[in-house]
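Novice: Model the structure of this input:
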Amino acid sequence: MQSPPPLRILHLEDDLNDAALIKSTLAAGGVPCATTRVHTQEAFVAALEDGEVDLILSDYTLPEFDGLSAMEIARIKCPDVPLIFVSGTLGEERSIVALKSGATDYVLKDGLARLVPAVQRVMLEVEALSEHRRLEKAMRENEVKFRTLFDVAKDAIFLLRNGLFVDCNASGLTLFGVTRDQLIGQSPLLFSPPTQPDGCDSQEKAAEFFQRAQAGEPQFFEWRQQRPDGTPVDADVSLNRLELHGEIYLQSIARDITERKRAEEQIVEQAAFLDEAQDAIMVRDLEGKIIFWNKGAERLYGWSRQEVIGRDIGEFLTTDIKTSVEATALTIKHGKWSGERKHHTKDRREITIETRWTLIRDHEGQPKSILAINTDITEKKKIEAQFMRAQRMESIGTLAGGIAHDLNNILAPIMMSIDILKTTATDPQAKMILDTIEVSAKRGADIVRQVLSFARGLEGERIEVQPKHLLKDLESIIKDTFPKDIRLKFSTPNDTWTILGDPTQVHQILLNLCVNARDAMPNGGTLFIGIENCLLDEQYAGMNIQAKSGHYVMISVTDSGTGIPPEILDKIFEPFFTTKELHRGTGLGLSTVMGIVQSHEGFIDVDSEPGKGTTFKVYLPAMETSSEALKKQTQPISPLRGNGETVLVIDDEASILTITSQTLQAFGYRVLTATDGADAVAVFMEHKNEISIVLTDMMMPLMDGSGAIHALKRINPAVKIIATSGLNANNELANASGIGAKHFLTKPYTAETLLKTMQAILDEA
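Specialist: Next comes the predicted model:
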């Protein structure tokens, strides 16, 4: 146990012997002390002012000074310090006077034995006083510390009693925008609007919170304050019961969340705008985990936001991990990247997208995530490929025609020389060699004729041809030569229109397509050949760059075979391109078909799905004066006229927008146009009471058809919508039906088809 510190004694004594005696008495009594002796008034006062004193020992009578005067000075300088008189001249009367004047005790010099216990009592009092002073000091320091924390806290802190403010810190005054005088004694409801953002009455809600807190149940809630100037302030508030000095208070701590709420509202607004965008917008972290997925992405890919958030993007969109890693590295290095990618949708369709990546950094400038904006360009790429293929075929045809002409010039003398040599040759072996040369030369000549048919398509005489008669000839060839496990089906209407063409070349078209169909079904299957009369109008022609308006005979050849992979579909009509084994094909069959069809001013459509088969549709112009059948089949569409109904047409292709508008206007409809979904919403808002039908493309920039339909349905749930697309009709029809479009047209479509659909919707209404 640590010994107490020595007692600091100021001894007022003029007699050195008495001073020494008193000091030795205290030491003998085991009283630790540090004694300072003075004998004049000046020295006494100076000692009191210079240092701390625990006890004053004073003689009662001194030559120039007396004990009572010393006691009066001590009461002024240090009123808490005890004073004991130690004197040899102190009588009973003086002792009483001394004690009444404030002395702690008195001891006669001839009875110094009493001094030790008297001083020990003082020591105990000093020790207790010191502890009391220490506690008081600690309390004062704690009070200052907690008051400082209270005043400098960033959160607003309030103390309420009986529902009124009794104290607050500086942050509380800032929160309400008032002074202390304006706040203290007021009710919190003075600084609250009548109702809260959730529509509840502020007074009723506050009373409920106060009642629960008074009962000892802590309350946590959001509250909207209102400053005297009307400015709203949102805060997170806690309310707790507090008992101080027997009184019940409520302590409220409020944190200003106005900026946070404003930021949250802004984020919600921005997310709503992003959801209206046609493009798929997503944000992923640098490890590939998706952290944002807008409605455009849901519409394009088919996965909902809940299905993809937190998942790796490579799990479901693409398997080309190498390209993704390279693109991510370039984005981090340069801050952005763009390119074309192949992605898969939820229903496993492959689509082509144009993507733009932007690097997002954190507040310290470090790479944090990547924003990707993806635009579906599948249909655009198909049109581009169609156009490029037509240009390429034209160039290749010109080249092939020149080569075939030169080869004919080379083969002609060889063929004639063989005939001459045969008449003169007598050796059997020589005749055999000549026969071999003749077979090879004739085979070369046949190939040259195919090349010329592909390149020019002009050989042969053009006469009126009935296609169904050609199918009868073809039927016997197929039945005699094709494997028996291939089932043959025909569909030939009796009133089939005739065409102006070369029957041999048209026969060659059918034979080449059927042979390809046979080779696509090595294990057997079904071969269907059909003929159909078609009237293609300007509407249809405006959507298909190969077509012209007019009457056509459409010949379709469908197999149930292996199908054509999408990556080679645009190459199948190129000369010498083949997927067959060596020596099983020249690669000129389909290119020859294309050349013949183009020379007959027709066109071809191909639809194929790997594993499910292929359909070739050959459109050949019908003879307008061939028979009465054509006239009977031409159905007038004048009864399908509108009666001034307003139609909103939405399409990003200018040519389609123009031809559709002209068609509808020509048949009695009033037309409004828009080039994308966002533009359509603006037009619809302006004319929503006038528009009867909306005709919208499903694939557009900025906001696609799905986004436009969603937005228009929110404005007018009863709006009638026709969706159109050049993509897979079944999938698009399902998507369109799911968002409220009950009618769907596959591009390209005819004016008659469009008008019949319009009339059907109006009849429903």
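
Novice: Low-confidence stretches in the stretch 501-650 of the chain?
Specialist: 542, 575-588, 625-639 (pLDDT under 70).

Novice: where along it do the helices fall?
Specialist: 503-519, 538-543, 589-599, 628-633 (DSSP state H, counting those that start in this stretch).

Novice: neighbouring contacts of the longest one?
Specialist: Outside helix 503-519, the residues that touch it by C-beta atoms under 8 Å, 6 or more residues apart in numbering are 453, 457, 459-460, 463, 465, 467, 470-471, 473-474, 477-478, 482-483, 486, 499, 527, 529, 555, 557-559, 561, 580, 584-585, 589-590, 592-593, 596-597, 599-600, 614, 616, 618, 620. No exception for glycine: its C-beta is placed from N, CA and C like everyone else's.

Novice: Which among the residues you listed count as buried?
Specialist: 453, 457, 460, 465, 467, 470-471, 474, 478, 482, 486, 499, 527, 529, 555, 557-559, 561, 585, 589-590, 592-593, 596-597, 599-600, 614, 616, 618, 620 (16 or more other C-beta atoms under 10 Å).

Novice: Narrow those residues to those in strands?
Specialist: Among the buried ones among the contacts of helix 503-519, the members falling in strands (DSSP state E) are 465, 486, 499, 527, 529, 555, 557-559, 614, 616, 618, 620.

Novice: of the residues you listed, closest to residue 9?
Specialist: Using C-beta to C-beta, residue 614 comes nearest to residue 9 of these, at 120.1 Å.

Novice: Name the nearest residue to that closest one, sequence neighbours excluded.
Specialist: Nearest residue to residue 614 in three dimensions, chain neighbours excluded: residue 608, at 3.9 Å (C-beta to C-beta, 6 or more residues apart in numbering).

Novice: Next up, the contacts around that neighbour.
Specialist: Residues in contact with residue 608, defined by C-beta under 8 Å, 6+ apart, are 563, 564, 569, 614, 615.

Novice: Repeat the analysis, applying 10 Å as the threshold.
Specialist: Taking C-beta atoms under 10 Å, 6 or more residues apart in numbering as the contact definition, residue 608 lies against 520, 559, 561-566, 568-569, 572, 614-616.

Novice: TSV for the residues you listed, including distance to residue 324?
Specialist: Putting those into TSV (distance: C-beta to C-beta, whole Å) gives the following:
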residue	distance to residue 324
520	35
559	37
561	35
562	31
563	29
564	28
565	23
566	21
568	25
569	26
572	31
614	33
615	36
616	37
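
Novice: I'd like to know which of those are buried.
Specialist: Buried by 16+ other C-beta under 10 Å: 520, 559, 561, 562, 563, 564, 569, 572, 614, 615, 616, out of those.

Novice: which regions of the stretch 1-150 of the chain lie under the pLDDT threshold?
Specialist: Within the stretch 1-150 of the chain, the segments meeting pLDDT under 70 span 1-4, 90, 126-150.

Novice: can you tell me how far the closest residue to residue 620 other than its chain neighbours sits from residue 618?
Specialist: Distances taken as C-beta to C-beta, 6+ apart put residue 602 closest to residue 620, at 4.2 Å, once the chain neighbours are dropped. Remark: distance between residue 602 and residue 618 (C-beta to C-beta, to the nearest Å) = 6 Å.

Novice: Now the common contact residues for these two.
Specialist: Contacts common to residue 602 and residue 618, judged by C-beta under 10 Å, 6+ apart, are 506, 509, 552, 553, 554, 555, 594, 596.

Novice: still on that earlier bit, would you agree the residue nearest to residue 620 is in contact with residue 595?
Specialist: No - between residue 602 and residue 595 there is no contact under C-beta atoms under 10 Å: 11.3 Å.

Novice: circling back to that earlier point, closest one of the ones in strands among the buried ones among the contacts of helix 503-519 to residue 44?
Specialist: Residue 44 has its nearest neighbour among those in residue 614, at 124.8 Å by C-beta to C-beta.

Novice: can you pull up the bridge partners for the closest residue in space to residue 615 that isn't next to it in sequence?
Specialist: Closest residue in space to residue 615, ignoring its immediate chain neighbours: residue 558 at 4.3 Å, by C-beta to C-beta, 6+ apart. Listed by DSSP bridges, the beta-bridge partners for residue 558 are residue 528, residue 615.

Novice: how much space between residue 558 and residue 495?
Specialist: Taking C-beta to C-beta as the measure, residue 558 falls 22 Å from residue 495.

Novice: give me phi/psi at residue 562?
Specialist: The phi and psi torsions at residue 562 (degrees, to the nearest 10) take the values phi -70, psi -20.

Novice: what helix or strand is residue 709 on?
Specialist: With the criterion set as DSSP states H and E, the secondary-structure element containing residue 709 is helix 705-715.

Novice: Who are the packing partners of the helix or strand that that helix is followed by?
Specialist: Moving toward the C-terminus from helix 705-715, the next helix or strand (DSSP H and E) is strand 720-725. Helices and strands touching strand 720-725, by 3 or more C-beta pairs under 10 Å, 6 or more residues apart in numbering; DSSP states H and E, are strand 646-650, strand 691-697, helix 705-715, helix 729-738, strand 743-746, helix 751-764.

Novice: and those as a markdown table, adding distance to residue 196 and mean neighbour count?
Specialist: As requested, the helices and strands packed on strand 720-725 are arranged in a markdown table below (distance: least, C-beta to C-beta, whole Å; neighbours: other C-beta atoms under 10 Å):
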| stretch | distance to residue 196 | mean neighbour count |
| --- | --- | --- |
| strand 646-650 | 42 | 24 |
| strand 691-697 | 40 | 24 |
| helix 705-715 | 28 | 21 |
| helix 729-738 | 39 | 16 |
| strand 743-746 | 47 | 18 |
| helix 751-764 | 47 | 17 |
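
Novice: and of those, who's closest to residue 103?
Specialist: Using C-beta to C-beta as the measure, helix 705-715 is the one of the helices and strands packed on strand 720-725 that comes nearest residue 103, at 96.6 Å.

Novice: could you dump that closest one to CSV, C-alpha only?
Specialist: In CSV, the C-alpha atoms belonging to helix 705-715 read as follows (Å, rounded to 0.1, in the frame of the first residue of the first chain):
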residue,chain,number,x,y,z
GLY,A,705,-40.9,-1.6,-79.8
SER,A,706,-41.2,-3.4,-76.4
GLY,A,707,-40.3,-0.2,-74.5
ALA,A,708,-42.6,1.9,-76.6
ILE,A,709,-45.5,-0.5,-76.1
HIS,A,710,-44.9,-0.5,-72.3
ALA,A,711,-44.9,3.3,-72.3
LEU,A,712,-48.0,3.7,-74.5
LYS,A,713,-49.9,1.1,-72.5
ARG,A,714,-49.2,3.2,-69.3
ILE,A,715,-50.6,6.3,-71.0
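
Novice: Would you mind pulling up the elements that that helix packs against?
Specialist: With contacts defined as 3+ C-beta pairs under 10 Å, 6+ apart, helix 705-715 has these neighbours: helix 258-276, helix 295-301, strand 646-650, helix 677-687, strand 691-697, strand 720-725, helix 729-738.

Novice: Distance of residue 21 relative to residue 92?
Specialist: Distance, residue 21 to residue 92, by C-beta to C-beta: 23 Å.

Novice: cool, and residue 375?
Specialist: For residue 375 relative to residue 92 (C-beta to C-beta), the value is 115 Å.
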